[in-house]
Every structure is written in structure tokens, then in C-alpha cells.
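here is my input, please return the structure:
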Amino acid sequence: MYPNPSSARSIFCSERLDLNFDRLAMSSSSQTTQSAITDYFPGTAETYGIGYTFLGLFNTDENSVYRKTNLYYPFSCKEDWEIASWLLCSGLSMGKIDTFLSLEMIKGLPLSFRSAKELRGRAEMLPSGPRWMSQIIHTSHPTKSPIILYWHDPLECISSILNHPFFHNQLDFTPRKVYSTAKKLCRVYMEWMTGDNAWNMQSVLPQGATLLGTILSSDKTNISTLTGNRVVHPLLIGLANICMNTQLKSSSNSFVLTALLPVPKFLHKNKRMHGVLADRLAHHCLDTVLKLLKEATLHGMMLSDPQFGDSFRHEPRMASTTLAQLSVVHAQADPSDLQAFFHEAQKFRLNGVSEPFWRDWVLADPSRFFTPETLHVFHKEFWDHDAKWLIFAVGESEIDFRFSVLHPVTGFRHFAEGILKLKQHSIIACSADAAPRRVLIAVHALMDFRYLVQSPSIDDNDLVRISAALNEFHEYKDAIIDARVRRGKGNKVIDNWYIPKLELMQSVVPSIRNSGVTAQWSADVTEHAHITEIKDPARSSNNNNYELQICRHLDRLDKCLRFELATTLLNEQQNIKTSDDIPVEFLSTIQHGRLCQITNYFAITQISLLKPIGSIPLPLRSFVVGRVAFHLAYDPSIRNITVDDVAIKFGLPDLRPALSDFLHHEASLGRNHTHAIGGPRRAGPNATLPFENVQVWFKLRLQDTDFHDAHNIRPAQTLNCAPPSEPWTFGHYDSIIINTEAEHSWPTSGLKGHTVAQIRLIFRPLGKTGTQWAWRDRFLTYVHHFNIVGAREPTTQMHILKRAKRLNRTCMRDVIPISQLRAPVNLVPWFGATADNRLTAYNCLEHASELWRNRFWDKSTYFALSM
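Numbers count the residues shown, from 1 in each chain. This is a model prediction of the structure:
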């Protein structure tokens with residue numbers, strides 16, 4: 001039997017709910033630090049006998065008897081199935097499939113199907129997952145077309161997630177309280193199971209019951225443009241119990257489409273009532289879809305596992321309060337009298353829904369299940385408000401120019417035309433000195449707030465910092481009104497703080513305490529699911545009856561994926577000749593959904609080290625130092641060049657003496673010595689070296705791990721180090737953080753024991769042919785050092801850098817091993833009140849006398865540079 005999970009549990013579903021018709025919610029995970037102390041809720045998640053498994057369900061299918069002799073039935077063989085699977089998952093229309101099958105070459109293949117209709121007929125015979133259902137919804141108000149609800153049983157969807165092999169060892173069933181030290185003075189909040197809500201909900205469940213956090217994510221999405229403007233309203237379901245790192249990956253397919261909520265066009269003469277009718281219909285449909293979940297919450301069941309702008313928080317709107325207000329509204333007006341009922345509901349700021357879908361859902365309270373969401377709250381608030389304040393403060397043309405001349409970074413979007421229609425987090429550095437000081441303080445306080453709340457692990461001390469950042473914004477926000485940069489349509493000045501997203505920020509700290517970190521509720525993954533679950537199937541339709549064709553397409557696709565996974569697992573069982581559990585390691589080789597693989601240079605290095613000597617070329621181009629992996633192309637950009645010639649090509653007049661000083665330090669202090677940068681130049685311009693030729697690389701791939709989780713590998717970053725050429729007339733050189741003290745490590749030490757420099761040359765010394773010497777495997781870099789000028793600048797809270805110089809006023813440049821490089825760093829010119837119009841994206845770092853070290857470049861760098 002496959003171990004995922006193979007035991008039955010007493011499940012209480014949907015004790016955790018996240019649903020928003022205008023926003024999306026999702027779950028994620030972070031790992032507990034090794035030094036943390038954890039109190040687990042006793043007597044939870046007990047198992048009761050043997051449950052069913054993924055392969056168990058596969059083998060109970062009505063056609064399983066035929067698969068004893070032909071694993072790929074109803075297809076003739078593996079090759080037949082592979083062609084069928086490709087056609088079914090390709091998105092091709094039936095006409096195009098028929099055209100493909102009519103090709104003479106294809107006709108010669110021994111396929112078990114000869115038409116698209118026959119192919120789809122065989123697909124219908126594959127083992128099925130949750131089955132689609134439909135129901136006509138009757139309303140008291142007419143619509144242009146009949147209202148049809150398509151949905152899956154949500155319990156079947158949850159069950160399919162629980163026993164899917166991909167989520168093996170990725171499910172968390174035990175509420176816990178995590179503390180940073182043994183004294184338990186500082187609480188740590190991570191995913192949902194570490195919050196107060198999960199603990200409190202578990203305390204009212206029977207002994208041994210398992211708590212499942214159900215996430216409902218809903219948002220309308222367009223499926224057609226210029227052809228009728230068709231809109232679909234998908235309802236996705238997921239589990240908050242899935243580990244955050246898995247949940248956050250789009251490729252994990254951790255959310256399942258459970259319903260297509262109808263989006264009808266009502267014919268009510270009062271257009272304002274159309275929204276009320278749509279809200280009522282949505283709640284009615286949710287009542288229908290979620291009925292079994294509510295019953296599971298109440299009784300349990302057996303499943304197989306695996307005021308706006310204020311500086312204070314207003315009283316939460318509890319379920320009891322809303323239901324009491326609705327009782328008053330019901331007493332004053334009949335719900336069938338739509339306009340009268342809506343008029344009375346507006347007195348309590350209610351939307352006119354007479355029976356909210358959550359009214360009879362045990363433990364489901366809007367004040368708990370509506371959590372702050374990163375994408376639509378924090379990021380959208382930045383662009384809708386913060387960015388526009390600074391655009392108006394600095395001036396549209398000025399801030400566009402500043403963004404257009406920023407140093408391009410490989411892998412990051414460069415806004416050559418400015419940012420008026422885009423967003424970028426270099427905006428604080430770009431606005432310095434051009435925007436009023438107090439306005440900049442207010443905006444950078446909100447920026448700090450946004451970054452801090454996105455941490456995957458937050459303790460009580462972090463919550464204090466989060467609250468302080470928000471309080472700082474409210475202390476300085478009046479400057480935004482005074483500067484007349486808060487504007488609306490037509491650039492009309494706004495003199496109030498009616499911004500709902502700012503009000504919601506007051507609920508972030510309480511939400512973290514109750515439900516865990518906000519990062520797990522980001523809508524990034526569920527937004528991406530709209531493409532795979534709605535838009536792609538819609539493109540495969542004939543532009544009629546979208547909802548029905550989407551359901552049929554997804555049903556076929558689900559059958560194909562399940563069949564492919566099951567046959568892959570069964571083939572593996574046959575290969576290892578055992579009927580026992582399939583090894584867990586095999587799970588890493590199973591493709592689940594649409595994967596976007598990150599090249600893992602840590603793993604590549606480990607594999608290279610295990611290979612026999614002589615089986616791979618030396619020296620190794622991939623190597624690891626601490627939490628950083630390095631990769632150089634096997635073929636250098638310049639295979640062989642003299643030291644003097646490369647000094648001329650790259651404009652490095654002191655390369656030879658720098659190399660001589662480096663070799664002297666190596667000889668006197670040892671090869672494992674961590675080199676500092678600076679000090680007087682000892683060697684002369686004609687210093688003798690034990691080599692005369694070098695190999696040169698123009699690029700280096702550097703990969704590090706996440707600040708909070710050393711096991712989470714981030715995408716590799718390309719560092720450029722190319723000599724002058726068009727359009728880079730001064731050369732293309734990126735900046736880097738360098739380790740200069742062995743007792744400090746990146747990123748846990750922050751900048752302590754580290755410095756910032758610009759890479760000017762990446763090379764490897766070449767000894768004479770046939771000569772054995774100690775330097776044949778050493779990669780070096782020549783860097784130009786930056787000095788950090790004093791403490792953080794108080795307005796931007798960022799450091800200012802200047803190019804370091806020696807006492808003789810020459811630039812401070814030195815040679816160090818590549819192994820001392822740690823992480824890319826983003827530098828932004830200090831533009832002053834008005835930017836120099838001679839600056840370009842290709843010369844800004846060379847011409848600027850002072851630079852900002854931008855700590856808002858990305859989340860991982862932010863936390864390290866904020867220490």
C-alpha cells in the first residue's frame with residue numbers, strides 16, 4: 001500500500017475558512033527554528049484503523065480487472081496512452097485532433113482510437129476523481145438566461161487532496177504554540193497551526209479529532225476579450241494544513257476548483273439592486289456547495305489523511321453582531337421587498353444579503369476567517385496610494401527619468417520608460433531629496449510594514465516592530481495631505497484618509513496572533529490557478545456554454561493526471577518487485593502539475609563531488625561555501641590572456657600589484673585565510689607573479705538560500721563582469737556583498753563582518769603547461785570597495801555608500817577568492833533634488849559620487865540588511 005496517508009481519521013472540516021469575493025486567500029508554511037520550544041495540543045489527530053489510499057481507489061475502479069493484464073487499459077499499451085494523454089492535455093479542439101489523426105504517418109500507428117470522439121470516449125473510462133454536479137437555481141427576479149450552478153462535493157475535493165501522494169509528509173494536523181526560548185516569554189507565529197484560532201478550535205473538538213483548515217478562494221475572472229466579455233466566478237478549495245513552502249508553489253496544485261458560481265445578468269429596473277441580487281445569489285450558491293462541509297464541522301466525519309485611516313483598530317465585526325443586526329433588518333422589512341430591505345440594511349452598513357452562507361457554520365466567524373491578504377491588500381495598496389504620493393511629490397517626468405537610469409540587473413525588470421504604469425520597490429531611494437522629508441518617512445514606514453508582515457516566521461518582538469512601523473506612518477501621514485499629493489480622479493486633491501486598506505492594516509497583528517503569518521494567505525498561487533483551471537480550459541472550448549465545457553475539460557484532465565500518476569507508481573512497484581510501500585524518495589521524481597524547476601547548484605555540486613576522479617572535467621565549475629553556491633560556465637569568456645593585457649582590457653591599472661599583495665597574504669596567513677579589503681598597496685607595478693596568464697569569465701551564477709529557511713533554495717542570480725563595450729562604455733559590473741571576517745556569516749550576521757564592493761574581474765590563474773602548482777583550481781575576483789558613510793540616513797533608513805580610496809587617493813581595489821562573495825546588492829544613485837540628465841542606465845554607478853544601498857530590493861535581502 002502507498003503510504004499517503006493510509007489511516008482513517010476523525011475529521012472536523014472547515015474550522016478554518018478564508019473566503020472573499022473580491023480577494024483571494026491561500027495557505028503556506030515555514031519551518032520551526034531549531035532553538036524554538038514547542039507545546040503541542042495533546043490528544044489530537046488520532047487514527048482509527050486502516051483507510052483508503054490513492055492506489056487503493058485506483059485499484060477499485062470498475063476497469064481494474066482489465067488492468068491486471070494491461071496496466072494502461074482502456075488504451076492498448078504505454079505508447080498508446082502517451083499519445084492519448086498528449087492529445088487530451090494539449091488543448092487542441094476535436095477538429096484539430098481529427099486532423100492530426102488523419103495524417104498518413106499517424107494512420108500507420110497501432111492506436112486504439114481513430115477520432116477525437118473515440119479518444120474522449122476512452123478518456124471517460126479512466127478512473128475519476130471528484131465528480132461534477134449541476135443544478136438550476138431559481139430566483140424571484142428574472143435574469144437574461146437560466147442560472148446553472150456547477151460544483152464538486154467539497155468533501156471529495158478535500159479527500160482527494162489528503163490522499164494525494166504529492167502531499168505525503170506535507171500535512172500538519174497538530175495545533176501548537178511555539179516559543180523562541182525555553183522561558184516561553186516570546187511567542188513565534190508561523191503557519192495556521194501555530195496561531196491561537198487553531199488551538200482554541202481544537203479545544204472544543206472531541207478527544208483525538210483532527211482539525212482541517214479549509215481555505216475557500218474566490219474572485220471573478222474574464223475568460224473572453226472582445227467577444228462578449230464573458231466572466232466566470234470560480235471557487236477554489238484548499239487546506240491550511242499543507243506546509244507553507246509547498247502551498248506557496250503554483251506547481252503544487254494545492255487548490256482544487258470546487259465550484260463555478262453563476263454570474264447572471266439580472267433584469268431588475270433599479271441597477272443598484274443588481275449588486276444586491278448578485279450577492280444574495282452568491283450566498284445561496286455557497287449554501288448549496290458548502291452544506292456537507294457545515295455538517296462535517298458540526299458532527300465530524302471519517303477521512304483518510306494525508307473607520308478608515310485611523311491609527312487604531314476598530315472593533316471587529318463578529319458573526320453574532322452581524323446576525324443580530326440582520327434580525328433587526330428582518331423585523332423592519334421583508335427580504336422579498338428588495339429595495340426596502342436594502343434600505344434598512346444600509347443603516348448597519350450591510351450589503352442586503354438576508355441569509356449569509358456562514359450563519360449556520362459552527363465556529364465560522366467573519367472576524368476570524370477574513371485574513372489580510374498580501375497581493376490585493378499590501379501590494380495593491382502600495383501602487384494605488386504610496387507610489388502615487390511619491391510620483392506627485394517628485395514629479396512624473398523626474399521620477400520616470402530616475403527609474404529609467406537605474407543600473408539593470410539580470411533577471412529583474414528594468415523600467416527603461418519609467419514607472420508611471422508599473423511598480424518597483426526602488427522608489428524610496430529614487431525619491432530621496434526630491435520628495436518632502438516627512439512624506440518620505442511616512443511612505444518608508446509603510447514599506448517597512450509591508451516587508452515585515454511578509455516574513456514566514458514572526459515572533460512577539462517582530463510584532464512590536466510591525467506595530468511601530470504602522471504607528472510611524474500615522475505619526476507622519478498628515479504631511480501627505482499637507483503636501484497635496486493625495487489625489488483622486490482628475491488629479492483632484494483629497495483631504496481625508498478614507499482608505500479601507502489602511503484600516504485593514506490595523507488588523508494584521510491580531511490576525512497573525514490568531515491565524516499565523518500573513519504570507520500564507522497570499523493570492524499569488526490562486527491567481528495563477530485561474531489560468532490553469534479557467535482560462536486554459538476556456539480557450540479549448542468553442543466559445544459556447546463556457547461553464548459546461550470547462551467542467552468537461554477539467555474532468556478529462558484530472559482523469560489523465562490521476563491515471564498517469566497511478567501507472568507511474570505501479571510501474572515503480574513492479575520495477576522494485578515489492579508490494580510494500582513505494583520509497584518516499586521516489587516522490588521527488590513524480591511530476592505533479594506544471595513544474596517550473598529551479599536549477600539547484602547545491603545539488604549539482606554534491607553530485608559532482610561524488611563522481612570518480614577523472615570522470616568529470618577539473619576544476620569543478622560549481623562549488624558551495626556555507627549557504628552560497630557558485631557556478632561558472634565550463635568554457636571561460638576568454639580562454640587565455642596575459643595579466644597585463646587583461647588589465648588594459650578591463651581598465652585595471654593596479655591588477656598586477658593587487659595580485660602580488662594577495663599572494664603575499666596567502667603565503668603568510670594560509671590559503672584558508674579570509675581576506676580583508678583595504679590597507680596600503682605593498683607591491684609595485686612591475687611585481688613578479690608565479691603566473692602570467694589567466695582565464696576570464698564575464699558572468700557568474702550565485703545561488704543562496706532563504707533568510708528564514710536555509711533549506712529553501714532561491715533562484716540563482718547572474719552577476720555580470722564584462723569589459724567596456726557598447727552600450728556599456730564603462731563596462732558592465734554588478735555589485736556584491738563580500739564576507740571579510742570568518743567569524744561572521746551571511747545572512748544571519750547581516751552586514752557585520754561584511755562589506756559591499758563592485759566586481760571588476762572574474763578570473764583563474766593559469767600555470768605553465770605540465771607544471772603542478774597549488775593554484776590550478778582557484779577562482780579569484782578583483783573588486784572595487786565601497787565605504788558605508790555613517791549610520792542609516794534618518795529619512796530613508798538606508799545606508800549611503802561612497803567609493804573607497806586609499807591615502808594616496810587611488811581607488812581601493814583588491815583581489816579576493818570568489819568564495820568570499822555572498823549575495824548581490826542593489827545600489828541606487830543619490831540623485832539629489834534634481835537628477836543629472838547626463839546619467840544613463842549604463843553609466844549611473846560610475847558617475848554617481850554617492851549611492852543608496854537599497855534594502856527594499858527583495859524580501860530576503862531586506863531582512864538581512866535590516867539587522
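
which residues of this protein score low on pLDDT?
Low-confidence regions of the chain, defined by pLDDT under 70, span residues 1-35, 49-50, 225-228, 301-315, 413-425, 573-596, 769-777.

pick out the residue nearest the middle of it.
residue 248 (5.6 Å; C-alpha atoms, centre = their mean).

and that residue, how far from residue 817?
Per C-beta to C-beta, to the nearest Å, residue 248 is found 35 Å from residue 817. Using the backbone N, CA and C atoms, a C-beta is placed for each residue, glycine as well.

what is the neighbour count of the closest residue to residue 386 other than its chain neighbours?
Across the structure, with C-beta to C-beta, 6 or more residues apart in numbering as the measure, the residue nearest residue 386 apart from its sequence neighbours is residue 443 (5.0 Å). Using other C-beta atoms under 10 Å, the number of residues around residue 443 comes to 28.

likewise residue 146?
Once other C-beta under 10 Å is used to define contacts, residue 146 is seen to have 10 neighbours.

got it, and residue 356?
Summarising burial for residue 356: neighbours were counted as other C-beta under 10 Å, giving 21.

tell me the SS of it?
With DSSP: H, G, I helix; E, B strand; the rest coil as the basis, the three-state label of residue 356 is coil.

who's in contact with the residue nearest to it when sequence neighbours are not counted?
Excluding the flanking residues, the one nearest residue 356 by C-beta to C-beta, 6+ apart is residue 283, at 5.7 Å. The neighbourhood of residue 283, defined by C-beta atoms under 8 Å, 6 or more residues apart in numbering, consists of 353, 355-357.

out of those, who has the most neighbours?
The most crowded member of the contacts of residue 283 is residue 353, carrying 23 neighbours; neighbours defined as other C-beta under 10 Å.

buried ones in stretch 793-800?
795-800 (16 or more other C-beta atoms under 10 Å).

specify which member of those residues is nearest to residue 679.
Within the buried residues of stretch 793-800, proximity to residue 679 (C-beta to C-beta) peaks at residue 799, which comes in at 22.4 Å.

the closest one and residue 839: what is the separation?
Distance, residue 799 to residue 839, using C-beta to C-beta: 21 Å.

and residue 67, by the same measure?
Using C-beta to C-beta, one obtains 68 Å as the distance from residue 67 to residue 839.

who touches whichever strand or helix holds residue 721?
Applying DSSP states H and E as the criterion places residue 721 in strand 717-722. Surrounding strand 717-722, the residues in contact under the criterion C-beta under 8 Å, 6+ apart are 410-411, 637, 697-703, 728, 731-734, 736, 759-762, 781, 821, 824.

how does it look with 10 Å?
407-412, 630-631, 637, 650, 696-704, 728, 731-736, 758-763, 781-783, 818, 821, 823-824, 858 (C-beta atoms under 10 Å, 6 or more residues apart in numbering).

all strands for the stretch 151-300 of the chain, in order.
176-179, 187-189, 210-218, 221-222, 231-239, 256-261 (DSSP state E, counting those that start in this stretch).

and the stretch 651-800 of the chain, by the same measure?
In the stretch 651-800 of the chain, strands defined by DSSP E, counting those that start in this stretch lie at 693-697, 699-704, 717-722, 732-733, 735-739, 754-766, 780-793, 798-803, listed in chain order.

closest one to residue 130 among the ones you listed?
strand 699-704 (39.2 Å).

that closest one pairs with which strands, parallel or anti?
Strand 699-704 has the following strand partners under DSSP bridges: strand 628-631 (antiparallel), strand 717-722 (antiparallel).
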